[in-house]
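Enquirer: Can you look at this prediction? I've put the sequence above it.
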Amino acid sequence: MIAVEHLTKRYGNVTAVDDLSFEIGDGHVYGFLGPNGAGKSTTMNIMTGCLSATEGHVKIDGYDIFEEPDKAKRLIGYLPEQPPLYMNETPAEYLRFVGEAKGLRGAELYKQIGEVLEKTKLTAMRNRRISALSKGYKQRVGIAQALLGDPRVIILDEPTVGLDPLQIIEIRDLIRELGKEHTVIFSSHILSEVQTICEKVLIISRGKLVAFDEPENLEKSLTAPGEITLTAEAEPEEVEALLEETGAVSGMDVKKEENGYARAVLRTSEEDIYAVSRSIFLKFAESGKVLLELGLKKADLEDIFIELTENGDREVPSDGEAEAENGQKTESGRETDSREEDSEEKGGNEP
Amino acid sequence: MIAVFKHEIRNYFHTMTAYVFGAFLLAFTGMGATLYNLQAAVSNFEFVLSFGSLIFVVIVPVLTMRVIAEEKKQRTDQLLYSLPITTTQVVMGKYLALLVVYLIPLAIISLYPLVFSQFGDVYLPVAYGSLAAFFFLGAALIALGVFISSLTDNQGFAAGIGIAVILFNYYSVSLAEHVSSTAAGSLAAVFVLVIGLGLLIRYLTKNESLAYGFYFLAVAGLLAVYLTTPEKFEGLLPALMKELSLFERFSVFVNGVFDMTGIVFYVTFAAFFLFLSVQSLEKRRYN
């Protein structure tokens, strides 16, 4: 359906997208995940024909977006990061313009407008001014616009940013719903979101694709370390000695807490985590020391995300680009709500 | 293109823009008609148009300031880029809508000579010939306004620059009499023009070597001509200012000559600036 081949985009000497290649098949919901400034918006803008590429190709169902934009664009509905709305119009007027521009005429146009208003639950709002709508509704108008013309691919750039929790849930449900009939690609820097909605995840960092798989497979395929925490009624040295005996522990940190108990954090491989904790329990029981707490933490997608994107960070500072991109480094991989930075990223795309 | 055209037309008539533009144009020509045709009892309607053309300095930039600048500001240009329409269709759709907004008050004005002819001798061919030229003059200025709007995302800035440029064009003939007509003075002026063009090339193409190449060739060419035949530069600046004045060409029509080269000039001028507007929009995609 969509083939991205060796896509590169440079702004001056900053490389926003670096030799990115991937293929997306028909159907399903794809999540486009990456820290702020990773090149998500830039890639999406190129895929939809809003931006040129320095090198590489994007093919939508075999049509090159640069060479046959008319045919390729008819297959795509796009919602940019900031919904492109004419504030002094009503959703009905706005959708009429977009529908006409997508080549819909007469009865078909009105039928489709009715359908997308229904799908996005905007029917009651159709004759209000867009400027008077809440942010969640504005986002829906943006999505409705993307749905017009019944495109096979729907690309949504951070559709849930800036919405309140209830609106976020509604938009996520809508995306899930759309995934039944269309190929949906949506970007996010929020991991849990991608994990809950997507059937496949693309993780990009520093303009490069670092992972492309199903969320479960990503968790499996990467041997991220497991972590065991425990609190025991014993001296730190005793705890250390007991833990050494269990083996299969790659690193540990034992401290004496203020309340007199010893607290230890140890790392082990994920497969061994149950076996290790079992033997820890038995060893402590044998020696008559009391275990007050024993906690296991398995690697989740978030750890994988952090690991992948931070590894990406380490690769980059080999040349001059590092300095220009430094600003984004601190935020990378953290699931924080940093919209300000996001808008900076967008501003950077401007000439 | 039709979608963009219809959308723009709806927008102009939903907002005040079309009405304000029409009202100002009608009020100004109405004032002219009162002064010349009624009070001074002159039967030449073309004088009214000559007088009325001054209002273009203000109303054209006000009409065109938002046409592309606002799209950039609201980021709706992203929508236009992602829709299956070309930037040429976008610019042409917008331009045609502007022409319609402009034609409506013009249609009303076109009744004046007929009304006046009921009460005296009006030489209709000159009156309507001038009116046709008046349309082309406005159309050329609107194209210029569209281009200026495409350079910025600030409406006020677009309007300000538009007023300055059209005002300069309006007075360039009177100014031409006061500027230096020596060869050296003209050479300096042409250099300034070359620098301006070079900056425009650089802005539109983002290609420094192309801009510098243009500078080099233009400066070398100018110096070669200046050193071999300096008399070619004599009086060049005033001539150039007259040549480029849209309003000066209009006065030919007012004097009773239907000058086809003038019409061709207006159409070419409009086409040139619409072409630049398309390039300016495309440039954003190729930054």
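Expert: Looks like it arrived, so ask away. If you're wondering where the values come from, they're calculated on a predicted model, not measured in any experiment.

Enquirer: Where do the strands of chain A begin and end?
Expert: Assigned by DSSP state E, chain A shows strands spanning A:2-11, A:14-24, A:29-33, A:55-60, A:63-64, A:76-79, A:153-156, A:183-188, A:200-205, A:208-213, A:226-233, A:251-256, A:262-268, A:290-297.

Enquirer: The third one packs against which elements?
Expert: Pointing back at strand A:29-33 there. Helices and strands touching strand A:29-33, by 3 or more Cβ pairs under 8 Å, 6 or more residues apart in numbering or on different chains; DSSP states H and E, are helix A:40-47, helix A:165-178, strand A:183-188, helix A:191-197, strand A:200-205. For the C-beta atoms, the positions are set from N, CA and C on the backbone; glycine is no exception.

Enquirer: Relative to the whole chain's centre, how far out is the third one?
Expert: I take that to be strand A:183-188. Using Cα atoms, centre = their mean, to the nearest Å, the distance from the centre of strand A:183-188 to the centre of the chain it belongs to is 9 Å.

Enquirer: now the angle from it to strand A:29-33?
Expert: With axes from the mean of the first three to the mean of the last three Cα atoms, to 10 degrees as the basis, strand A:183-188 and strand A:29-33 are set at 20 degrees to each other.

Enquirer: Direction included, what does strand A:183-188 pair against?
Expert: As defined by DSSP bridges, the strand partners of strand A:183-188 come to strand A:29-33 (parallel), strand A:153-156 (parallel).

Enquirer: Switch the strands of chain A over to TSV; also include distance to residue A:274, mean neighbour count and mean pLDDT.
Expert: TSV is the format used below for those (distance: least, Cβ to Cβ, whole Å; neighbours: other Cβ atoms under 10 Å in any protein chain shown; pLDDT from 0 to 100):
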stretch	distance to residue A:274	mean neighbour count	mean pLDDT
strand A:2-11	41	18	90
strand A:14-24	36	19	89
strand A:29-33	29	26	89
strand A:55-60	46	18	92
strand A:63-64	51	16	92
strand A:76-79	44	27	94
strand A:153-156	40	25	94
strand A:183-188	32	25	91
strand A:200-205	27	24	87
strand A:208-213	25	18	84
strand A:226-233	9	19	83
strand A:251-256	18	13	81
strand A:262-268	10	20	83
strand A:290-297	8	13	84
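
Enquirer: wait, which of those is closest to residue B:6?
Expert: Closest approach to residue B:6 among the strands of chain A (Cβ to Cβ): strand A:76-79, 21.0 Å.

Enquirer: neighbouring contacts of stretch B:199-209?
Expert: Taking Cβ atoms under 8 Å, 6 or more residues apart in numbering or on different chains as the criterion, the residues outside stretch B:199-209 that touch it are A:351, B:151, B:210-211, B:214, B:276, B:279-280, B:283, B:286-287.

Enquirer: What about those residues, which one has the most neighbours?
Expert: residue B:280 (23 neighbours; other Cβ atoms under 10 Å in any protein chain shown).

Enquirer: quick one, what contacts that one?
Expert: With contacts defined as Cβ under 8 Å, 6+ apart, residue B:280 is in contact with B:68, B:147, B:150-151, B:204.

Enquirer: And those, which two are furthest apart?
Expert: Spatial extent of the contacts of residue B:280 (Cβ to Cβ) is set by the pair B:68 and B:204 at 14.0 Å.

Enquirer: Of these two, which one has the most company?
Expert: More neighbours surround residue B:68 than the other of residue B:68 and residue B:204, with 28 against 17 (other Cβ under 10 Å).

Enquirer: Now do the buried residues in stretch A:265-279.
Expert: By neighbour count, with 16 or more other Cβ atoms under 10 Å in any protein chain shown as the criterion, the buried positions of stretch A:265-279 are A:266, A:268, A:270, A:272-273, A:276-277, A:279.

Enquirer: Give me the phi and psi for the residue in chain B sticking out farthest from the centre.
Expert: Outermost residue of chain B with respect to the C-alpha centroid, by Cα atoms, centre = their mean, is residue B:228; its distance is 35.8 Å. With angles defined as degrees, to the nearest 10, residue B:228 sits at phi -80, psi -50.

Enquirer: That one and residue B:184, how far apart?
Expert: Summarising the geometry, the distance separating residue B:228 from residue B:184, computed by Cβ to Cβ, to the nearest Å, is 15 Å.

Enquirer: same check, this time on residue B:11
Expert: In this view, residue B:11 and residue B:184 are 50 Å apart by Cβ to Cβ.

Enquirer: Quick check on the two: which one has the bigger neighbour count.
Expert: residue B:11 (21 against 12).

Enquirer: What residues sit buried inside stretch B:49-61?
Expert: For stretch B:49-61, the neighbour count (16+ other Cβ under 10 Å) marks B:49-53, B:55-61 as buried.

Enquirer: and if you look at stretch A:235-251?
Expert: When burial is assessed from 16+ other Cβ under 10 Å, stretch A:235-251 yields the following buried residues: A:236, A:238-240, A:242-243, A:246, A:249.

Enquirer: Those residues of the stretch 101-250 of chain B touching chain A, which are they?
Expert: Counting by Cβ under 8 Å from any Cβ of the partner chain, the residues of the stretch 101-250 of chain B lying close to chain A are residue B:206.

Enquirer: which other helices and strands contact the helix or strand harbouring residue B:115?
Expert: When secondary structure is defined using DSSP states H and E, the element that contains residue B:115 is helix B:112-117. If contacts are counted by 3+ Cβ pairs under 8 Å, 6+ apart, helix B:112-117 sits against helix B:17-33, helix B:45-52, helix B:124-150.

Enquirer: at 6 Å what do you get?
Expert: Counting contacts by 3 or more Cβ pairs under 6 Å, 6 or more residues apart in numbering or on different chains; DSSP states H and E, helix B:112-117 is packed against no other helix or strand.
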